[in-house]
Each structure stands twice: as C-alpha cells, then as structure tokens.
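Colleague: here you go, sequence then predicted model.
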Amino acid sequence: MTDARLRHLLSVSDLCAESATGLLDAAEAFLEVSRRPVRKVPTLRGKTVINCFFEASTRTRTSFELAGKRLSADVVNVSASSSSTTKGETLRDTVKTLDAMHADVIVVRHGASGAPAYVAERTRASVVNAGDGTHEHPTQALLDAFTIRRTKGRIAGLKVAILGDIAHSRVARSNALLLPMLGAEVCVAGPRTLLPHDSAALGVRSYDRVEPALEGADVVMMLRIQRERQGVSLLPSLREYARQFGLSAQRLERAAPDAIVMHPGPMNRGVEIADDVADGPRSVVLAQVEAGVAVRMAVLYQCSQDPDERES
Amino acid sequence: MTEPELLVLRGGRVFDPALELDAIADVVIERGRLTHVGAGAGSGLAPSARVRVVDVTGHWLLPAFVDLHAHLREPGQEYKEDIASGLGAAAAGGYAHVCVMPNTRPVNDTRAVTELMRARAAEVGGPTLHPIAAITVGQRGQDLTEMGELREAGAVGVSDDGVCVMNAQVMRRALEYAKTFDLVVIQHAEDHDLTAGAQMHEGAVSARLGLGGWPRVAEDVIVARDVLLAEYVGARYHVAHVSTLGAVRILREAKSRGLPVTAEVTPHHLLLTDAAVIGYDTACKVNPPLREAADLAALRAALADGTIDAIATDHAPHSSLEKDCEFAEASPGMMGLEPCFALLLGLVGQEGITLTRLVDAMSTRPARIAGIEPPRLKVGALAELTVVDPAALWTPAHSALASKARNTPFLEHELRGRIRATFARGQLVLDRLGSAG
Ligand SMILES: [Zn+2]
C-alpha cells in the first residue's frame, strides 16, 4: 500500500495523480476486507473518527461509519444543523469542542461551501470533506473513479459525460477535477440555467444538450436533480426536464455500446434517469455503493497516521 | 492639556490642487484657522508655551479627507463600532468629515436618529459626522422618509445603502422629492432578484468554490435604469461603491451628456480581485463583491479620468462573530478608514492616477457631492488638513487600530504612507507629530 500521507482531504485539488492512484490501490485491498466473512482489520485501533454531519445524509454517513468501524477505529456520529436560524452553536464553538476531544479524523458534511476548510484551519485533527454546499465531494469522486477503474479496467483515455445540475453539484465539481487528473476526457451537460455562467470555469467542455455529450461516451454519470430547483426560474418542471434532459434508453444508445451508467444516489427515477436504465445491465449504481466503503477506508487510513509515521 | 494658541508646521510640501498650490511652505494655524501659508511664513515664530513649532520637512500637507460612505454602527451595534471609535478611526485615516450610512438600529429614517448621531459626535469631538438618512422608511423600499425634516436635522444625503431601491416608481419619486431639498440620492446598485443567494462575484472563481454568484449585470441594470430616471426628472444621482466595468461605461456615457451623475469607488475594489476570496477568506467578502482584473482596470481608468468622482471607504466594521464563521454565514464588509490613503498612495503614478486626482477624489469632490464646504489650504480657512509622511512604512496592526474592528485583509500588511496629523473643525484630532525646532 502506498503511504502518501494526507493531512486533510478538503478538495480533489489536495491530490495529485499519484496520490489519488495510491488511494484507489489501497481501496482495492480494503474492498477485499469488506467481502470477507469477518469484515474487520485492526488498522485504526485506538484512533477516533468523528463523523460531523451538519446536513442529513444517511447514505454518506453510514458509508463513513462502516469504513471507520471496519478499520477498528472508534467512530462517533455527531449531527447538527448547519442553518443559522436553528443551530444553537456556532461552527467556531463546535470545532473547538471537537478539537478538545482529541479526534484523529473529523469527517465533515456541511451545507456551506468551504466549511470543512474552516474546520481544518482550527483543529489538530485531519479533516475529510464529506460534501460541502455546492463546492466538492472528493470521496464521491474517488469512489466513482474506483468504480470506473474496476468495471472498465482503466480510467485514462475514457470519455466521461456528467449530466444534470452542474452548477449546484459538488459531485460534478470533484469529478471534473479528479477524472481529467487520471487521464479521462470529461464533459458536462445540462440546461444553461444549471451550468456555471462561465462555462470554461470547471476546465472541461460543456454542452447545453445531453445528446452531444453522450456521443461515444464510455461512462455516463447522472446527477440528482433537486426538486427545489423547480419554479425558481431554473427549471420549468421536472416533467420538462425528464423529457429534454433525462437519460432514457433511447438517449443512452448514443453512448459507446459498453458504456456504464453511474449515479451518486439517491435517484429520482423518471426524472434524471428512466427506470429501465436505472435497473438496466449498464447500471453500476450498487457497485458505487460498495466502492464507497472501501474508498473511505483508504481515505481514513491515509488521514489518520501519526505525524511521525507520515514521513515514511 | 491646553492647546498652544499657535501651531507652526514648518517646511512641508503644501499641496492643494484646487488652489493650484504645490510648494514647500510653512503653515501657521491660529485658533483653528490658517493665518499664514507661505515660504518662511513661520520663521519669526520661536517655540514657547504659546507657540508649538513642528518641522514637517519631507511631509505633505493636504486638504483633509472627506468620506462619503462609512458605517459607524451607532446606534444599535456598538459592539462592532461606535461613533467614538469610528471617528477615531477617521481621524487616524486623515479624515475631517465622515458621512455615515443609515443602516443603524433603528434605521436613520427620522429626525430623532439623525440628531442623536450628530449630538453624540459633537460630544466625542474629532472629525465632523454627517448623517445620510434613509430614502425609504426602514430601508424597506416603499414609503419616502421625511426628507425635508431630515435635511433640517442635518442629513446631507439619502440612501438605503445595503438595500437597493428596487421599485422604479419609488426611485423616481425619491429623486424628484430629494431634489426639492437639495439632497443627493445615493444608490446601492444591486438588483436583488439577480443576486439571490449570492456570496461573491459570479465568475470562474465562484464556479470553482461553489459559492453563489453576484453577477456584474445586477449592478449595471440598476445604474442604467437610475441614470435614465435621473435624466428624466432632472435630479442629482450618486452611485455608491461602483464595482463593474459595465457601470463605468454607463456613467461615462451619462457624464459625456452632461448629466448630474456622480460615483464613488472603494479602495478594495481598486486593489483586489475575486481571487482574494480563494480559501474562503471572509475578510474579502464584501458587497458589491470583489470583481475581476478587467473591472479593476476599468475602475482605475475611471478614477484617473474623473468618471468616478470620489473614493469612499465603505468602512464596514464587523466583530469576529460576523467574520469568524462559514463564508455563507459571514456578513459582507471591510473596515477601511485607517489604511485608505496608504493603500491608494501606491496607485499614484499608475494608469494615469495622479496625486492631484487622488487628493481631489478623497477631499474636494466628495465634499461637493455631499454639499460640505471643501477643506482648503488657504489663509482664513478653517484648519481641515492632513499631514502625511509619504515615505513612512507602517502596518495596520491588530494591536494598534482606533477602530473596534479588525476585518480587513490588509491587517498586518506593511503599507507606505503614514498619516501624522489630522485637523478637523480647526482642531488637531490626530497628533503623531511630536515637536521639533
Ligand atoms: Zn452599499
């Protein structure tokens, strides 16, 4: 296993091709652990991981929790509200409190972009970004890369189309950084109201229709459409979205014959993805879920080594 | 300590472009007024109990500065700043006059608040405080304030600063009504529908940081609309803190047609771009937001050619409660009174910005916009002047600012150009001169 120590994982830009590949390689070994009858290794015995979720997400929290437990770390879940009106405590005070508890790793999910970076500046622990606002979700991108590598055998040279609400998607942002770093050719597509105003900002090609993006794609990555985007002049209706931009079996025919279909979940069936595609033979959605635990084990492992071990 | 009756500032560069004055000269100040200005004017006066003589060789004597746009937070948010600390910061920055925005608690939309502010400032001493009252009751954008009475109480202009007057009919009526009382209408130009959820300038940086974008066009559409309204009703109109190249273009066109339209720009919009926000630095969260290099260039050119009349600080003090938090939770604003001149001195000689223009933009023009008698370095004038050491290096240090706030990205940055003394209302309100024979 590569031991390129990670101080924090706040953004994919904290990684390089080498360290990202190292994490994927480590995750391969941890995937094997998850498939054993006794799914536990003593790697992080005595380490403390605090899952600090300011935004509800059963899926991601469970994945991090299992990852920590399978490494024998002590895992604590803290949930709090990130809305200024309902929270009883400022983030500043929450961080001070957590820091005083001597966590080795703090996993942060927060509704505000940049909140994990704020935490990282104020704690001795390593901080892992589990999704911040509309900024990034680096472990999702890693698990996506891991899934692509396992199912396609490689990442370099593949054509990846990311479709949907690009402007508000932390998954799209992290993947638009990670996959090109690993040699893939990435494009994004969605209605103009859901693309960044500066289409070059994410460093990948963008389209306002999904068809040209799908043309010859090896990987089709769907994003979840948030229902609240309707009616604020971003989307006329979910029905219109499904018809104009949704991934139907017919549209998918434009992709490469052996293309895979990914979705970070939870899916809006019949909106961004048709039922038959979601459950079809090309869907690797459940493989993504399995990969999530393995990749997060690798991230927690890399982030929780002692400073003197880090140099090796 | 009783002040000496006579103060002699000997051997400085006396610079007042409005008088076409630029000479090495002595300035004698007697009971708050300039009594002699000229080479050797103070040579016969020896230091004594009555006479203080200061050698200011190498220093510049400038007409004191006038700020059109400061938030002193009193009444209501004295934990951020109050009139005493805010005027202290103004004195430290070389200001003799400070126009203060109405977004206090309660909002300055009545005679009572306007009078309270002025009474408090008179008690404190220091630079003169000039209230800018709200355009609409409660800054709610609906009903006009009692501008006649506010004028009588001492307001020098009206603005709903922080909140744009979105309704065009209300804006039209405000321009018409304020004209009767010769109050300038100052607009915070932001189409709030276009900036819903905005955290910073909309561009490549906001896209990467995943922060809601405040597009340039939200400023431009309001400036364009207001210029048309002001032209239609024949009223004066002033744009607060211009930040975009588009607004500059609209203003330049309006001025070329002779419309009575004026504008101000802040030091931070002249010096910083949206790249300063990378890392989620809440000290760089301001409204309007920091823009891009193209805007910076347009703003500097507009300052140089006078399209932008004035420099205003938009001094917006906040405590750590509002700034030491998630970017989305942070309040916008940057403190600005103390480092303003030093920050801008660095621009002199660049892109056509001259010292003449800088002094004009920091003193004479803002005074005219607010209807304040501009400070003048001439015999008989009230002493309202600033003594600057243009070569001195100093640092706006955490431990040594007059303001209660510390929310500036320039904190602990070394700057060139130190304010040594400020005279306001004829009095020495900042004294870092020492004495010399
Ligand atoms: Zn404003």
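Modeller: Received the coordinates, thanks.
Colleague: residues of stretch B:329-347 that come out buried?
Modeller: Using 16 or more other C-beta atoms under 10 Å in any protein chain shown as the test for burial, stretch B:329-347 gives B:329-345, B:347. C-beta here means a position set from N, CA and C on the backbone, and glycine is covered the same way.
Colleague: wait, is residue A:92 part of a helix?
Modeller: Yes - Residue A:92 forms part of a helix when assessed by DSSP: H, G, I helix; E, B strand; the rest coil.
Colleague: hmm, it is touching residue A:123, no?
Modeller: No - Residue A:92 lies out of contact with residue A:123 (C-beta atoms under 8 Å); the separation is 11.2 Å.
Colleague: now do the closest residue in space to residue B:46 that isn't next to it in sequence against the ion, distance only.
Modeller: In this structure, residue B:46 finds its nearest non-sequential neighbour in residue B:53, 7.2 Å apart by C-beta to C-beta, 6 or more residues apart in numbering or on different chains. Going from residue B:53 to the ion by C-beta to the ion, to the nearest Å gives 44 Å.
Colleague: SS state for residue B:53?
Modeller: Under three-state DSSP, residue B:53 comes out as strand.
Colleague: rounded mean pLDDT for the one helix or strand residue A:28 maps to, please.
Modeller: Under the criterion of DSSP states H and E, residue A:28 resides in helix A:17-34. The predicted model assigns helix A:17-34 a mean pLDDT of 95.
Colleague: from the buried residues of stretch B:329-347, which land in helices?
Modeller: Members of the buried residues of stretch B:329-347 lying in helices (criterion: DSSP state H): B:340, B:341, B:342, B:343, B:344, B:345.
Colleague: if we can go back for a sec, pretty sure the residue nearest to residue B:46 contacts residue B:47?
Modeller: Yes - using C-beta under 8 Å, residue B:53 is in contact with residue B:47, at 4.6 Å.
Colleague: show me the helices in chain B, by range?
Modeller: Using DSSP H, helices in chain B cover B:83-92, B:111-124, B:147-153, B:168-180, B:204-209, B:217-233, B:245-256, B:267-271, B:293-305, B:320-323, B:340-345, B:355-359, B:365-370.
Colleague: residues of the stretch 51-200 of chain B that sit close to chain A?
Modeller: By C-beta under 8 Å from any C-beta of the partner chain, the residues of the stretch 51-200 of chain B that approach chain A are residue B:199.
Colleague: ok, the residue nearest to residue B:227 when sequence neighbours are not counted - contacts?
Modeller: Nearest residue to residue B:227 in three dimensions, chain neighbours excluded: residue B:254, at 4.6 Å (C-beta to C-beta, 6+ apart). Going by C-beta atoms under 8 Å, 6 or more residues apart in numbering or on different chains, residue B:254 touches B:227, B:231, B:261.
Colleague: residue B:255 is in contact with the second one, correct?
Modeller: No - when contacts are counted by C-beta under 8 Å, residue B:231 is not listed as touching residue B:255 (11.6 Å).
Colleague: tell me who's in contact with residue B:164.
Modeller: Residues near residue B:164 by C-beta under 8 Å, 6+ apart: B:141, B:187, B:188, B:189, B:190, B:191, B:192, B:222.
Colleague: drop anything exposed from those residues.
Modeller: B:141, B:187, B:188, B:189, B:190, B:191, B:222.
Colleague: any idea which of those residues is closest to the ion?
Modeller: Here the nearest of the buried ones among the contacts of residue B:164 to the ion, counting by C-beta to the ion, is residue B:188; it sits at 3.7 Å.
Colleague: nearest residue to the middle of chain A?
Modeller: residue A:140 (1.6 Å; C-alpha atoms, centre = their mean).
Colleague: not counting sequence-adjacent ones, nearest residue to that residue?
Modeller: Residue A:140's closest residue in space is residue A:171 (C-beta to C-beta, 6+ apart), at 5.1 Å.
Colleague: domain parsing for chain B?
Modeller: For chain B, the domain assignment from automatic domain parsing gives the residue ranges B:6-61+B:379-431, B:64-370.
Colleague: tell me the mean pLDDT for the first one?
Modeller: Per-residue pLDDT values over domain B:6-61+B:379-431 give a mean of 95.
Colleague: kindly check the end-to-end length of it for me.
Modeller: 15 Å (C-alpha to C-alpha, to the nearest Å).
Colleague: with the longest one instead?
Modeller: Between the start and the finish of domain B:64-370 there is a gap of 15 Å, counting by C-alpha to C-alpha.
Colleague: just the element for residue A:44, please.
Modeller: Judged by DSSP H and E, residue A:44 forms part of no helix or strand.
Colleague: now for it, how many residues are close by?
Modeller: Look at residue A:44: counted by other C-beta atoms under 10 Å in any protein chain shown, it has 24 neighbours.
Colleague: likewise residue B:258?
Modeller: Other residues lying near residue B:258 total 8 when counted by other C-beta under 10 Å.
Colleague: how much space between it and residue B:183?
Modeller: In this view, residue B:258 and residue B:183 are 21 Å apart by C-beta to C-beta, to the nearest Å.
Colleague: and for residue A:93?
Modeller: 45 Å.
Colleague: neighbour count: these two, which is higher?
Modeller: Under the neighbour definition other C-beta under 10 Å, residue A:93 and residue B:183 were set side by side, and residue B:183 has more, 26 against 10.
Colleague: now the more buried one: how far from the ion?
Modeller: To the ion, residue B:183 is 18 Å away according to C-beta to the ion.
Colleague: can you give me the pLDDT of that residue?
Modeller: Value listed for residue B:183 in the pLDDT field: 97.
Colleague: then residue A:77?
Modeller: Residue A:77 is assigned 92 on the pLDDT scale.
Colleague: quick revisit: so which of residue B:53 and residue B:47 has more stuff around it?
Modeller: residue B:53 (21 against 15).
Colleague: who does that one form a beta bridge with?
Modeller: With DSSP bridges as the criterion, residue B:53 is bridged to residue B:8.
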